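Q: Provided below for reference: sequence and predicted model.
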Amino acid sequence: MSNVYFLTPTGNRPEGMALLAEYVEAQTYQGDATWVIVDDCDPATHLPTAINNVRIRCLRPEGWRWKSGMNTQARCMAAGLSIIPDDGLVIVLEDDDCYLPGYVETMLEALTRSELVGERTARYYNVATGRFKRIPCPRHSSLASTALRGAALSVLRGICEVGKERMIDVALWRKVGGLLLDSENVISIKGLPGRGGIGVGHRKSFGDVDKNGVLELWAGEYAGNYEMFRRAS
C-alpha cells in the first residue's frame with residue numbers, strides 16, 4: 001500500500017473542492033495515494049470516492065461544526081493527521097487553491113532530499129476582485145505548498161493538536177529546517193464562494209489589479225475555471 005497522502009481541511013467550499021478534484025486528477029503523478037479530506041461543515045461536501053489511483057477518505061469530525069468567525073484549521077488538520085501513519089509522505093492541498101499538473105511529482109522528489117519541503121514564492125490571486133500579489137518567502141513556505149515526512153510530520157501533529165498557533169506554516173518552518181524550491185506549481189486562490197478565508201489575501205484591497213492577464217500567465221488553461229467568480233466592480 002502506498003504511503004503517499006494528500007491532506008485537505010475543508011467545509012462549505014463545494015466549488016473549490018470540485019476544482020481541486022480536477023487538479024488532483026490531472027497530476028502527472030500516477031502512483032497510488034490516499035486523499036484525506038476533513039469536512040467540518042453542514043451540509044457535507046459532495047466528493048468522489050476515487051480519482052485515478054487516489055483513494056478518498058472523508059472525515060466528519062465529532063464534537064464540532066464550523067460556524068462563521070471560527071478558525072478550525074488546526075483542529076481539522078489534527079483530525080486528518082491522526083489517521084496518517086508515521087511513515088506517511090504528506091502533501092497539503094488547500095481547498096481553494098490551484099495546483100498545476102507537476103506539483104505532486106515535484107514535491108515527492110524533493111521529499112527524498114528533505115523531511116520538509118515547500119515553494120519559495122507564494123503567488124496569490126483573488127478571483128473575485130481580480131487582484132494579485134507575488135510574495136517571496138525566504139524562510140518558510142505557505143502551508144498550501146508544503147509537503148513533509150518523518151520528524152517534520154511529528155512536529156506538525158504537535159502544533160495542530162495544541163492548536164494555539166494562528167499561523168501553522170510559520171510555526172512549522174520555525175521549528176524544522178526545510179528545503180525551499182524555486183518551482184511555482186501553486187496559486188493561492190482567494191475570493192471563491194462559501195466559507196470565508198482567514199488570510200490577508202481575501203481582503204478587497206490586497207495586491208495589485210490584474211491588467212495584463214496574470215492569472216492566464218500563472219494558471220494557463222485553468223484560468224478559465226475562475227471567470228464565473230469575478231465580481232462586477
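A: Received it, and whenever you're ready, just let me know what you need.

Q: got a list of what the closest residue to Y222 other than its chain neighbours touches?
A: Using CB to CB, 6 or more residues apart in numbering and skipping residues adjacent in sequence, the residue nearest Y222 is C98, 5.6 Å away. The way it works is simple: take the backbone N, C-alpha and C, and place the C-beta from them, glycine included. Applying CB atoms under 8 Å, 6 or more residues apart in numbering to C98 gives the contacts 19, 23, 186-187, 189, 219, 222, 225.

Q: any idea how far C98 is from C137?
A: 18 Å (CB to CB, to the nearest Å).

Q: for V162, same thing?
A: Taking CB to CB, one finds V162 at 24 Å from C137.

Q: okay, these two: which has more neighbours?
A: Neighbour count, other CB atoms under 10 Å: between V162 and C137, C137 has more, with 17 against 11.

Q: Backbone dihedrals for that one, both of them.
A: phi -130, psi 90 (degrees, to the nearest 10).

Q: Secondary structure class of the nearest residue to it once chain neighbours are set aside, three-state.
A: Distances taken as CB to CB, 6+ apart place A122 nearest to C137, at 5.5 Å, with adjacent residues excluded. Per DSSP: H, G, I helix; E, B strand; the rest coil, the local secondary structure of A122 is strand.

Q: For the spatially most central residue of the chain, which residues are in contact?
A: Central residue check for the chain by CA atoms, centre = their mean: the C-alpha nearest the mean position is that of E94, 2.2 Å away. E94 is in contact with 8-9, 143-144, 188, counting by CB under 8 Å, 6+ apart.

Q: now it: how far from R65?
A: Remark: distance between E94 and R65 (CB to CB) = 20 Å.

Q: Could you do D95 as well?
A: 16 Å.

Q: Compare those two (neighbour count), which wins?
A: Neighbour totals were compared for D95 and R65, and D95 leads with 24 against 14 (other CB under 10 Å).

Q: Can you name every helix or strand that the helix-or-strand element of the chain with minimal mean pLDDT contacts?
A: When each helix and strand of the chain is scored by mean pLDDT, DSSP states H and E, strand 50-51 comes last, with a mean of 92. Here strand 50-51 touches helix 14-25, going by 3 or more CB pairs under 8 Å, 6 or more residues apart in numbering; DSSP states H and E.

Q: CA atoms only for the helix it packs on, dumped as CSV, please.
A: Listed next in CSV are the C-alpha coordinates belonging to helix 14-25 (Å, rounded to 0.1, in the frame of the first residue of the first chain):
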residue,chain,number,x,y,z
PRO,A,14,-18.1,22.9,-2.9
GLU,A,15,-16.8,25.0,-5.9
GLY,A,16,-13.3,25.0,-4.6
MET,A,17,-13.3,21.2,-3.9
ALA,A,18,-14.7,20.4,-7.3
LEU,A,19,-11.8,22.3,-8.9
LEU,A,20,-9.3,20.7,-6.5
ALA,A,21,-10.6,17.3,-7.6
GLU,A,22,-9.9,18.3,-11.2
TYR,A,23,-6.4,19.3,-10.3
VAL,A,24,-5.7,16.1,-8.5
GLU,A,25,-7.0,14.1,-11.4
